[in-house]
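Participant: one predicted model, sequence on top.
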Amino acid sequence: MQKLITLTVKKIGKYMKASSLFLLLIFIVALSYFFGYSGAVILKNSQPNSVSYDAKYELKIEEGSRKIRLFNFSRILNIQISRQGNDFSYGHRIDIDILGNDISKTKVEWLKSGINLKFDSGHILFIPKKSFEGGR
């Protein structure tokens, strides 16, 4: 009976070690996901004088948090449009994930109807002016 109890306790100990390692791995992955924010500004662009809205606006693209994929990590891009001089503390924000892009080569086209972002991958993102006018 004593041997059976000793063997059972040893097996439970092995399972607890394995589950502790698994929980530690989940914790590390969660930390990298939630606290992996970079904030590095990749691109800034100001509204030209040839296009007029209710105020002057600026656009900023920065690296956001990490997105975990099966075989790699990618960064979310934070695109923010804010009134000029507002230091981007308030404005319209979009988070996107497009792999395989050199974001610094993104072309920004300010139109009467909104903003076109043309990525070097061929993707085009249109942001209508009603989404950011008024400072939202």
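Facilitator: That came through, no problem.
Participant: of all residues in this structure, which one is nearest the centre?
Facilitator: I76 (2.5 Å; Cα atoms, centre = their mean).
Participant: next secondary structure after whichever helix or strand that one is part of?
Facilitator: Applying DSSP states H and E as the criterion places I76 in strand 73-83. Downstream of strand 73-83, the next assigned helix or strand under DSSP H and E is strand 92-96.
Participant: off-centre distance for the strand holding I76?
Facilitator: Distance of strand 73-83 from the chain centroid (Cα atoms, centre = their mean, to the nearest Å) equals 6 Å.
Participant: quick one: average pLDDT of stretch 83-96?
Facilitator: Looking at stretch 83-96 alone, the average pLDDT works out to 85.
Participant: could you pull out the strands in the protein for me?
Facilitator: Remark: strands assigned in the chain by DSSP state E are 41-46, 57-68, 73-83, 92-96, 107-111, 114-118, 124-128.
Participant: strands paired with the fifth one, and their directions?
Facilitator: Using DSSP bridges, the strands paired with strand 107-111 in its sheet are strand 114-118 (antiparallel).
Participant: got a pLDDT number for the closest residue to D95 other than its chain neighbours?
Facilitator: Nearest residue to D95 in three dimensions, chain neighbours excluded: I76, at 5.1 Å (Cβ to Cβ, 6 or more residues apart in numbering). The C-beta positions use only the backbone N, C-alpha and C, and glycine is treated the same way. Looking at I76, its pLDDT is 81.
Participant: just A18 next, same as before
Facilitator: At A18, pLDDT is 68.
Participant: now the residue nearest to D95: how far from I98?
Facilitator: Separation of I76 from I98 (Cβ to Cβ, to the nearest Å) stands at 10 Å.
Participant: what about E109, how many residues nearby?
Facilitator: Using other Cβ atoms under 10 Å, E109 is surrounded by 14 other residues.
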